[in-house]
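Engineer: prediction below, plus the sequence it came from.
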Amino acid sequence: MLLILLIWCYLGVTFINFGFAFNKFLKLKELDAFLTIVFGMFCLTIIASVWAIFGRINYEFQLFLLLIQLLIFLRYKGELRHFYSAIFHHFRTLSSKLKYFLILSSGLVLFQSSSSSSYVDNETYYLQTIKWLNEYGLVPGLANLHVFLGQTSGWHILQSVFTFSYFTNNCNDLNGFCLLLGIAFSITQLDNYFKKGNLHSLLIGLFPSLVVLLLPFSSVPSPDLAVIVISLLLFSFFIRNDEISNPNSLTILAFLALFIVYIKISALPILLVPLLYFILHTDKKLRKTIPTLFFGIMVLILFVVKNIILTGYPFYPSSLITHFFAFENAIPNALYEFWWSPSKNYGFVLSQNQSSPISTFEILLQWISESWVIRSIILILLSCFILVPFAISKSKNKTAFWIIYVTMIVQIVFLILTAPQFRFLLSFLMFFGLTLLSFVLVKNTPIYISLYIGLFVAILYVTFPIAIGINHNRVDFYPKSISLSQIVIPKSNSNLRTTFSKKTKGNLQYYSPDEHSYIWVTGDGKLPCVNRKQIDYFEMKIGYIPQLNGPTLAEGFCSKKVTRP
């Protein structure tokens with residue numbers, strides 16, 4: 001826990017420094033600490049993405065960041081001191097009740113971040129994705145080894161900067177920092193409501209009441225949590241500025257939306273928010289949008305280059321325009337079709353032997369029948385459709401709320417057509433859930449009660465963890481336990497119960513988990529790591545095996561067609 005706390009302090013300082021310089025470069029008006037931190041995250045993600053194209057994200061990159069931060073401090077020394085002073089002053093002016101709640105919440109997130117996780121995606125590709133970035137950067141054709149590795153997110157790239165793999169394998173703590181950022185932002189908004197009575201501040205301020213939904217993601221580098229927290233900032237800023245014709249507002253909204261999409265391509269409809277803002281404020285001069293367009297094009301180029309290197313599909317996981325290009329290290333069409341077209345096996349928790357095409361409706365029925373969490377989310381979704389329009393009609397910011405509501409509908413349609421995983425809707429569901437809650441909780445006492453009830457439920461979850469849909473009954477995890485050593489050093493990034501052995505397939509030597517492990521898991525095994533059962537399965541099913549492109553791992557991977565007798 002103490003190690004994570006030190007890392008969080010370093011993260012905060014680094015993001016503020018880069019965000020402050022980024023704001024100065026864009027000549028934006030003085031932004032609050034939270035937007036500055038998120039802009040710092042965005043800036044670092046872009047820099048690290050470019051770096052990963054040419055080499056590993058390791059101690060060399062960290063030294064580079066320290067040098068840049070030194071230059072930033074020397075250039076803006078006086079202004080940065082004033083900025084940091086303003087942050088501490090804002091904390092000191094919070095009421096005692098809010099201070100205590102923030103401290104307790106911080107301790108809870110810190111404890112959860114230092115605990116082991118049973119999140120299946122962490123063991124199938126999060127850990128391996130970050131390990132490849134740390135040791136080699138973006139590796140050509142990496143998805144041929146394990147197709148999940150083609151989903152490398154901007155958030156994983158940012159996490160790889162602060163994993164410190166050259167010291168320990170216990171530090172994947174960016175999500176905990178991000179959740180704490182969301183809680184701290186909501187507390188400042190609640191303080192604003194208590195002092196000024198702004199209803200939109202109350203909406204955001206109630207966020208900690210639902211924090212138990214996000215707490216399980218705080219100990220793994222899941223992009224979903226980042227999308228929710230940054231969306232919260234975007235929605236809050238949009239509601240406050242939807243009627244203001246300001247180029248700075250458009251730039252801020254656009255950059256937040258671009259960051260979200262670079263983190264999670266399934267959140268693509270969020271770009272409607274800045275787009276509709278621009279359309280509604282047609283008095284803006286086109287030249288003032290040039291920085292936004294420039295960074296938008298940069299993000300698109302990075303997204304395409306990253307995908308071409310890893311998968312050979314420019315808009316992966318979409319096969320859009322792929323038939324116009326033929327990249328040497330592209331995953332074979334048979335492998336792509338197996339994962340993304342016929343059955344969507346892994347994403348919808350279907351049987352690994354399911355290979356016949358199924359419809360979206362059948363996928364939804366499978367989810368509903370297997371998960372009480374999904375049934376609950378569907379009920380919340382229905383309530384949003386029925387109740388939220390009435391709440392919007394009574395709000396003072398109708399246009400902004402309707403735009404967010406329409407964006408949610410587009411998001412739902414987009415997910416149904418691509419990947420109907422309901423956790424991708426959480427940012428909208430939480431926002432509109434908080435909207436409805438803000439019409440009920442308007443007095444100070446009920447608000448504090450809701451906050452502490454939410455905190456109590458979160459403590460219960462940490463103390464007596466239950467499966468809420470993120471665990472996987474085919475993956476063997478070590479049982480969760482609390483140890484004294486956890487106070488100083490967090491538990492290992494991997495909680496997979498397995499051993500690894502060296503295997504050979506053609507010119508590929510790899511490390512495989514034991515025979516009892518789930519077919520898609522890799523845990524924190526040495527590179528290259530892939531399950532032998534997976535290689536054998538694809539050899540039999542589609543007739544391809546992964547092979548090295550050259551004598552070194554840095555030269556990447558390809559899929560070789562197996563000649564059958």
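Structural biologist: Looks like it came in fine.
Engineer: from here on, contacts and neighbour counts on C-alpha atoms
Structural biologist: OK.
Engineer: F88: how many residues sit nearby?
Structural biologist: If you count neighbours by other C-alpha atoms under 10 Å, F88 ends up with 10.
Engineer: what does K396 give?
Structural biologist: By the criterion of other C-alpha under 10 Å, K396 has 12 neighbours.
Engineer: measure it to Q151 for me?
Structural biologist: 40 Å (C-alpha to C-alpha, to the nearest Å).
Engineer: did I read that right, K560 in a strand?
Structural biologist: Yes - the assignment for K560 is a strand, going by DSSP: H, G, I helix; E, B strand; the rest coil.
Engineer: isn't it up against I542?
Structural biologist: No - the pair K560 / I542 is not scored as a contact, 10.9 Å apart, by C-alpha atoms under 8 Å.
Engineer: and for the nearest residue to P223 once chain neighbours are set aside, the neighbour number?
Structural biologist: What sits nearest to P223 in space, not counting adjacent residues and going by C-alpha to C-alpha, 6 or more residues apart in numbering, is W155, at 5.8 Å. For W155, the number of neighbouring residues by other C-alpha under 10 Å comes to 25.
Engineer: tell me the helix or strand right after the helix or strand where W155 lies.
Structural biologist: Using DSSP states H and E, W155 sits within helix 154-161. Using DSSP H and E, the helix or strand that directly follows helix 154-161 along the chain is helix 174-196.
Engineer: so the strand or helix carrying V305 versus helix 154-161, what angle?
Structural biologist: V305 belongs to helix 290-310 when elements are defined using DSSP H and E. With axes from the mean of the first three to the mean of the last three C-alpha atoms, to 10 degrees defining the directions, helix 290-310 sits at 80 degrees from helix 154-161.
Engineer: in the helix or strand following helix 290-310, what's buried?
Structural biologist: Of the helices and strands lying after helix 290-310 in sequence (DSSP H and E), the nearest is helix 333-340. Residues L335, Y336, F338, W339, W340 are the ones in helix 333-340 that count as buried (16 or more other C-alpha atoms under 10 Å).
Engineer: need the helices for the stretch 101-250 of the chain, in chain order.
Structural biologist: For the stretch 101-250 of the chain, the helices defined by DSSP state H, counting those that start in this stretch occupy 120-121, 127-135, 154-161, 174-196, 199-205, 223-241, 247-263.
Engineer: looking at the ones you listed, spot the one closest to A330.
Structural biologist: Among the helices of the stretch 101-250 of the chain, the nearest to A330 by C-alpha to C-alpha is helix 127-135 (17.7 Å).
Engineer: tell me where the model's unsure across the stretch 451-565 of the chain.
Structural biologist: 465-473, 478-487, 564-565 (pLDDT under 70).
Engineer: L232 and S427 touch, don't they?
Structural biologist: Yes - L232 is within contact range of S427, at 7.2 Å (criterion: C-alpha under 8 Å).
Engineer: one step back: okay, the buried residues of helix 333-340 in CSV with pLDDT next?
Structural biologist: Shown next, in CSV, are the buried residues of helix 333-340 (pLDDT from 0 to 100):
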residue, pLDDT
L335, 88
Y336, 87
F338, 82
W339, 78
W340, 70
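Engineer: just put those in CSV and tack on distance to L174.
Structural biologist: Shown next, in CSV, are the buried residues of helix 333-340 (distance: C-alpha to C-alpha, whole Å):
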residue, distance to L174
L335, 32
Y336, 31
F338, 33
W339, 29
W340, 29
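Engineer: go through those and name the one nearest V488.
Structural biologist: The closest of the buried residues of helix 333-340 to V488 turns out to be W339 (C-alpha to C-alpha; 41.3 Å).
Engineer: measure that closest one to C529 for me?
Structural biologist: From W339 across to C529, the span is 19 Å (C-alpha to C-alpha).
Engineer: what does K505 give?
Structural biologist: Applying C-alpha to C-alpha, the value for K505 to C529 is 12 Å.
Engineer: got it, and S395?
Structural biologist: Distance from S395 to C529, counting by C-alpha to C-alpha: 53 Å.
Engineer: and if you look at S153?
Structural biologist: 19 Å.
Engineer: in what helix or strand does F428 lie?
Structural biologist: Assessed by DSSP H and E, F428 sits inside helix 426-440.
Engineer: relative to helix 223-241, how tilted is that helix?
Structural biologist: Taking the same axes, to 10 degrees, one finds that helix 426-440 is oriented at 50 degrees with respect to helix 223-241.
Engineer: distance from the chain centre to helix 426-440, please.
Structural biologist: 20 Å (C-alpha atoms, centre = their mean, to the nearest Å).
Engineer: try stretch 394-407
Structural biologist: 25 Å.
Engineer: and the contacts of the lengthiest helix in the chain?
Structural biologist: Within the chain, and with DSSP state H defining each element, the longest helix by residue count is helix 2-26. Here helix 2-26 makes contact (C-alpha atoms under 8 Å, 6 or more residues apart in numbering) with 29-31, 33, 36-41, 43-44, 69, 72-73, 80, 110, 113-114, 162, 171, 173-174, 177, 291, 487-490.
Engineer: please apply the same query to stretch 270-285.
Structural biologist: 242, 245-247, 250, 253-254, 257-258, 260-261, 403-404, 407, 411.
Engineer: try it again at 10 Å.
Structural biologist: Here stretch 270-285 makes contact (C-alpha atoms under 10 Å, 6 or more residues apart in numbering) with 231, 234-235, 238, 241-247, 249-258, 260-261, 289, 399-400, 403-404, 406-408, 410-411.
Engineer: sorry, back to before: what's the farthest-apart pair in the buried residues of helix 333-340?
Structural biologist: Distance extremes for the buried residues of helix 333-340: the farthest pair is L335 and W340 at 8.7 Å, using C-alpha to C-alpha.
Engineer: count the residues that sit near Y166.
Structural biologist: By other C-alpha under 10 Å, 10 other residues sit near Y166.
Engineer: what segments of the stretch 401-550 of the chain are helices?
Structural biologist: Using DSSP H, counting those that start in this stretch, the helices of the stretch 401-550 of the chain run over 426-440, 444-463, 532-541.
Engineer: so which of these is the most packed in?
Structural biologist: By mean neighbour count, with neighbours taken as mean count of other C-alpha atoms under 10 Å, helix 426-440 ranks first of the helices of the stretch 401-550 of the chain at a mean of 20.
Engineer: so what's the residue nearest to P223 up against?
Structural biologist: 41-42, 45, 130, 174-175, 221-224, 226-227, 259-260, 262-264.
Engineer: from I535, how far off is it?
Structural biologist: According to C-alpha to C-alpha, W155 stands 28 Å off from I535.
Engineer: which one of the buried residues of helix 333-340 is nearest F54?
Structural biologist: For those, the nearest to F54 is Y336 (26.2 Å; C-alpha to C-alpha).
Engineer: just to revisit the earlier point, of the helices of the stretch 101-250 of the chain, which is nearest Q509?
Structural biologist: Distance to Q509, taken as C-alpha to C-alpha, is lowest for helix 127-135 among the helices of the stretch 101-250 of the chain, at 15.9 Å.
Engineer: which residue is the nearest non-sequential neighbour of F111?
Structural biologist: M1 (6.4 Å).
Engineer: can you count the residues close to that neighbour?
Structural biologist: M1: 21 surrounding residues under other C-alpha under 10 Å.
Engineer: got it, and I489?
Structural biologist: For I489, using other C-alpha under 10 Å, the count is 17.
Engineer: same check on H89?
Structural biologist: Residues lying near H89 (other C-alpha under 10 Å) number 11.
Engineer: so it: helix, strand or coil?
Structural biologist: Assignment for H89 (three-state DSSP): helix.
Engineer: poorly predicted segments of the stretch 101-250 of the chain, please.
Structural biologist: Short version for the stretch 101-250 of the chain, where the test is pLDDT under 70: 243-245.
Engineer: rerun that using 90 as the cut-off
Structural biologist: 111-122, 165-173, 195-200, 210-219, 240-250 (pLDDT under 90).
Engineer: related to what we said a few turns ago, need the overlap of contacts for L232 and S427.
Structural biologist: Counting by C-alpha under 10 Å, 6+ apart, the contacts common to L232 and S427 are A226.
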